[in-house]
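In: Turn this into a structure:
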Amino acid sequence: MSHSWWYLSRAGGVVAWALLSASVIWGLLLSTRVFDRKPSPKWFTDLHRFLGGSAVVLVAVHVGTIVADSYVHFGLADVFIPFASHWHPVATSWGVFAMWLMFAVEVSSLGMRFLSRRVWHAIHLSSYLLFASATVHALASGPDTHTRAFELVLSAVLAVVGLLTLVRFTKSKRKGATRVASLHQARQPAVGEDLAPGLTRRAVHDLV
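Out: Numbers count the residues shown, from 1 in each chain. Model (predicted):
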């Protein structure tokens with residue numbers, strides 16, 4: 001019996017995880033503006049989208065080839081419904097959960113112009129959960145991830161993601177404190193004045 005589809009699916013899964021990790025890291029680099037305080041060049045954003053789109057393609061390869069494989073016998077329900085698979089149901093379910101999260105993030109990114117900034121940002125933040133779910137799926141499914149090489153790569157990726165997340169959180173907290181201070185100052189009218197000179201009520205509202 002040939003196991004070609006099985007090996008291709010495993011390879012596709014590992015490459016998909018690598019592309020997803022690269023997309024998450026690049027997205028964090030963009031949001032923290034590590035390279036430069038000025039707005040990032042357009043190709044920075046294009047690269048982030050390319051990495052995310054490529055990860056989606058490899059996930060499709062991963063899922064398609066495992067359904068085509070006759071070694072483990074995965075059906076459509078096994079790859080689309082959590083806990084439907086009899087082969088390592090928990091490990092497989094982490095992958096199914098990650099796949100649906102990836103679908104939501106990718107669709108929201110493609111349709112960003114039709115969504116409010118707040119809704120898009122909330123969906124995009126699930127990329128953290130997506131990355132965590134995909135990583136757990138990779139580690140729990142194995143056996144390709146049970147190697148010294150993958151463990152070293154994973155350790156490096158987790159360190160970079162953790163560091164950049166800390167930087168982003170710190171900057172967001174500092175930015176929030178600055179906005180609150182600006183708002184408080186804007187709402188302190190001078191004696192005998194309704195608002196500070198040149199500051200309209202609309203401008204104060206925009207600071208919130």
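In: now the helices for the protein?
Out: Assigned by DSSP state H, the helices in the chain fall at 4-32, 42-68, 76-80, 89-110, 117-124, 127-141, 148-186, 201-206.
In: any idea how the chain splits into domains?
Out: The record's domain parsing of the chain by automatic domain parsing lists 1-145, 147-208.
In: Would you reformat those as TSV and include mean neighbour count?
Out: Any C-beta I mention is one placed from the backbone N, CA and C, and that applies to glycine too. Shown next, in TSV, are these (neighbours: other Cβ atoms under 10 Å):
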stretch	mean neighbour count
domain 1-145	16
domain 147-208	12
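In: Confidence-wise, which of these is weakest overall?
Out: When the domains of the chain are ranked by mean pLDDT, domain 147-208 comes last with a mean of 68.
In: Now Gly52. Nearest residue, chain neighbours left out?
Out: Ser23 (4.4 Å; Cβ to Cβ, 6 or more residues apart in numbering).
In: show me what contacts the residue nearest the centre of the chain?
Out: Nearest to the mean C-alpha position of the chain, by Cα atoms, centre = their mean, lies Ser127 at 2.4 Å. Neighbouring residues of Ser127 by Cβ atoms under 8 Å, 6 or more residues apart in numbering: Val24, Gly27, Leu101, Val105.
In: Test my guess that the last one contacts Leu130.
Out: Yes - if you go by Cβ atoms under 8 Å, Val105 and Leu130 touch, sitting 6.3 Å apart.
In: Against Tyr71, how distant is Ser4?
Out: Distance, Ser4 to Tyr71, by Cβ to Cβ, to the nearest Å: 9 Å.
In: Hmm, I typed the wrong one, I wanted Ala134.
Out: From Ala134 to Tyr71 the distance is 23 Å (Cβ to Cβ).
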